[in-house]
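Chemist: next comes the sequence, and after it the predicted model I'd like to discuss.
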Amino acid sequence: MSGICEVPLAFDSELQLGQLPGCASCVDQAMDGRRTKCSPWKWCSPGGTTTTPDTTIKLEDHMSLECIYPSPGILTQAEWFKISSSTSDRESMVIFRPLFGTIVRESYVGRIYFLNSTSNPKDMTLAFYNATEVDVGLYICLLHTFPSGSWEKMLEVVQTESYFEPPGPFDRYVLANPGEEVTLSCELQDVKPVETVVWEKIQPQQIDLLTLCNVKEGRGSLSKYRRPIYSTCNQRLISSFISINHLNINDSGVYRCSFKVNTGENETYLARLTVTTRNEGKWSQGQRGSKWGHDCWALVSVVLSYGFM
């Protein structure tokens, strides 16, 4: 059986079948034409493809689906779609062009609106007036920009409370000041063949996928997060880091690093980052990552030159 496992969050997005955990079983599950979930990070689609949401959002009455273009360029058009759970077809919800305004499709009139488009021309975040169970599912934010071309982000709305419960205990507590750079890192103590490494940011109402490293291929992927996240990926990876420049208050939150090794186990590191204007120490001892049998470190460094990577 052949197929492709697609990871839409990457510039380098196509990986051969079986290179990501769960792809083979995903093909088997999807042969009956239904979309099913085959791992915490991937959805199966008819035809044997998998898709990885860039952001997972908790269903709430007045929820918003964040879509902010993070790169230089001029937005020429934006369109939101909902993905059919049975056919994977895209249903257009709303379309926006700066010169012509907004057109909301008939079935969504009075239900959705752009949250911040007037204050930020690159922010096409979509908000709901009164979301219900029918709004659970997958969404695509498709942006057309000049001169870079098209850019899209996938989001998933889920109806569950436990998925967004505050995780813990934390391996590290980190304090930093606005404008600085923070680097969070985690390391395996016992050398084991690693399949994937994933970094996520966890908030009460949503989880953002920041990076995904396919260690077997040595290829890393950056998600469509609202600001640049720097990381590395190679075939000898036993540690991982993310670096965030020019910190602001919105960068505060919980960050999770997850190693998946070839035995099927997941080893996880959690750090809580607080960006504050108070003159406090830049890092604290916190807890060591003994729960998973590896040492995890969180490092905050002030970078005087912003030419990182």
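Modeler: On my side now, so go ahead.

Chemist: please report how far residue 199 lies from residue 232.
Modeler: Residue 199 sits 11 Å away from residue 232, going by C-beta to C-beta, to the nearest Å. C-beta coordinates here come from the backbone N, C-alpha and C atoms, glycine included.

Chemist: more crowded one of the two?
Modeler: residue 199 (24 against 15; other C-beta atoms under 10 Å).

Chemist: I figured the more buried one hits residue 231, correct?
Modeler: Yes. Between residue 199 and residue 231 there is a contact at 6.8 Å, judged by C-beta atoms under 8 Å.

Chemist: residues shared between the contacts of these two?
Modeler: Common neighbours of residue 199 and residue 231 (criterion: C-beta atoms under 8 Å, 6 or more residues apart in numbering): 210-211, 240, 242.

Chemist: which residues are in contact with both of residue 199 and residue 232?
Modeler: Common neighbours of residue 199 and residue 232 (C-beta under 8 Å, 6+ apart) are residue 240.

Chemist: mind showing which ranges of the stretch 101-250 of the chain have poor pLDDT?
Modeler: Within the stretch 101-250 of the chain, the stretches with pLDDT under 70 are 162-163, 165-167, 189, 191, 222.

Chemist: in it, which spans are strands?
Modeler: Secondary structure of the stretch 101-250 of the chain (DSSP state E, counting those that start in this stretch): strands located at 101-104, 112-114, 126-128, 137-146, 149-158, 172-176, 181-187, 194-202, 206-214, 219-222, 230-231, 239-244.

Chemist: pick the most deeply packed of these.
Modeler: By mean neighbour count, with neighbours taken as mean count of other C-beta atoms under 10 Å, strand 206-214 ranks first of those at a mean of 23.

Chemist: what angle sits between that one and strand 194-202?
Modeler: 160 degrees (axes from the mean of the first three to the mean of the last three C-alpha atoms, to 10 degrees).

Chemist: quick check: chain neighbours aside, which residue is closest to the residue nearest to the spatial centre of the chain?
Modeler: Central residue of the chain (C-alpha atoms, centre = their mean): residue 209, 1.9 Å from the mean position. Excluding the flanking residues, the one nearest residue 209 by C-beta to C-beta, 6 or more residues apart in numbering is residue 223, at 4.4 Å.

Chemist: closest to residue 117 among the shared contacts of residue 199 and residue 231?
Modeler: Distance to residue 117 across the shared contacts of residue 199 and residue 231 (C-beta to C-beta) is lowest for residue 210, with 24.7 Å.

Chemist: got a list of what that closest one touches?
Modeler: So residue 210 contacts 199-201, 222-223, 225, 229, 231, 242, 255 (C-beta under 8 Å, 6+ apart).

Chemist: which residues touch the closest residue to it other than its chain neighbours?
Modeler: Leaving aside its chain neighbours, residue 210 sits nearest to residue 199 (4.3 Å; criterion: C-beta to C-beta, 6+ apart). The contact partners of residue 199, by C-beta under 8 Å, 6+ apart, come to 184, 209-212, 229, 231, 240, 242, 255-258.

Chemist: just put those in TSV and tack on distance to residue 156.
Modeler: Listed next are the contacts of residue 199 as TSV, based on distance: C-beta to C-beta, whole Å:
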residue	distance to residue 156
184	24
209	10
210	16
211	18
212	15
229	19
231	22
240	24
242	22
255	20
256	17
257	21
258	17
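
Chemist: quick one, which of the strands of the stretch 101-250 of the chain gets closest to residue 60.
Modeler: Short answer: strand 126-128, nearest of the strands of the stretch 101-250 of the chain by C-beta to C-beta, at 8.4 Å.

Chemist: sheet partners, orientation included, of that closest one?
Modeler: Strand 126-128 has the following strand partners under DSSP bridges: strand 64-65 (antiparallel), strand 112-114 (antiparallel).

Chemist: how about these in a markdown table, adding distance to residue 54?
Modeler: A markdown table is the format used below for the strands paired with strand 126-128 (distance: least, C-beta to C-beta, whole Å):
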| stretch | distance to residue 54 |
| --- | --- |
| strand 64-65 | 11 |
| strand 112-114 | 19 |
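
Chemist: which of those strands sits closest to residue 152?
Modeler: Of the strands paired with strand 126-128, nearest to residue 152 by C-beta to C-beta is strand 64-65, at 12.8 Å.

Chemist: downstream of the closest one, the next helix or strand is which one?
Modeler: strand 74-83 (DSSP states H and E).

Chemist: what residues sit buried inside the helix or strand immediately after that following strand in the chain?
Modeler: Past strand 74-83, further along toward the C-terminus, the next helix or strand under DSSP H and E is strand 90-97. Going by neighbour count (16 or more other C-beta atoms under 10 Å), the buried part of strand 90-97 is 90-96.
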